[in-house]
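Participant: model the following, please.
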Amino acid sequence: MRVIAGAHRGRKLVAPAGDATRPTSDRARQALFDMLAHAPWAEPDTLQAARVLDAFAGSGALGLEALSRGAAHATFMENSRPAQGAIRANIETCREGPRTNLLPTDATRPPRAPAPCSLVFLDPPYGAGLLPRALAALADQGWFAPGAILCLEMQADETLDLPHEVLADRKHGAARLLVLRAA
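Facilitator: Okay, the predicted model is just below:
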């Protein structure tokens, strides 16, 4: 696993020990960031100066990729201790300590947001039904800025009924990438 583009391009990232975490593949991450930069609905400044939330962060690869491409700040939410260790190591590898915050918490029970985020990544364990609960809890705690871009990764055959505008829906192997605009 590595950072694909931007200031940290090519930096190797570590994955958490064990098989409890499934990091987003480089290929799926590249496809997601290509959409954020080039899709017809993408704003020219979607990434530039964005406040990012990487919930169910795992290795932190999505948030670190956003920072590498110009985001201003990233908050990582992760409740697994091995994953927290990997995130800390990856933040240090990219020398992004001052622009990051790691919250050792469950994204379905988040604390109140210190500031709303304009770009949100959610990549929970497949098949656990966590996305609707996390989206509702994060919205309730003020994590979404008006019109925030929400990037979800789920199992390819998973379906959701969400109150947000669907901007993109793509399948990449076993993964489905869903990009929404917050209601």
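Participant: the closest residue in space to Asn79 that isn't next to it in sequence: how many residues sit nearby?
Facilitator: Counting by Cβ to Cβ, 6 or more residues apart in numbering, Asn79 lies nearest to Asp106, which is 4.6 Å off, once chain neighbours are set aside. Glycine gets a C-beta too; all of them are placed from N, C-alpha and C. When counting by other Cβ atoms under 10 Å, one arrives at 17 neighbours for Asp106.
Participant: ok, the one 10 residues further on next?
Facilitator: Around Pro116 sit 16 other residues, with neighbours defined as other Cβ under 10 Å.
Participant: so it is in contact with Trp143, correct?
Facilitator: Yes - using Cβ atoms under 8 Å, Pro116 is in contact with Trp143, at 6.4 Å.
Participant: tell me what the residue nearest to the spatial centre of the chain is bridged to.
Facilitator: Central residue of the chain (Cα atoms, centre = their mean): Phe121, 2.4 Å from the mean position. Applying DSSP bridges to Phe121 yields these beta-bridge partners: Asp54, Cys151.
Participant: how far away is it from Ala28?
Facilitator: Per Cβ to Cβ, to the nearest Å, Phe121 is found 12 Å from Ala28.
Participant: same thing with Gln155?
Facilitator: From Gln155 to Ala28 the distance is 13 Å (Cβ to Cβ).
Participant: likewise Met154?
Facilitator: From Met154 to Ala28 the distance is 11 Å (Cβ to Cβ).
Participant: give me the common contacts of the two.
Facilitator: Residues touching both Met154 and Ala28 by Cβ atoms under 8 Å, 6 or more residues apart in numbering: Ala175.
Participant: what's the end-to-end length of stretch 156-168?
Facilitator: 14 Å (Cα to Cα, to the nearest Å).
Participant: Met154 is in what secondary structure piece?
Facilitator: According to DSSP states H and E, Met154 maps onto strand 144-155.
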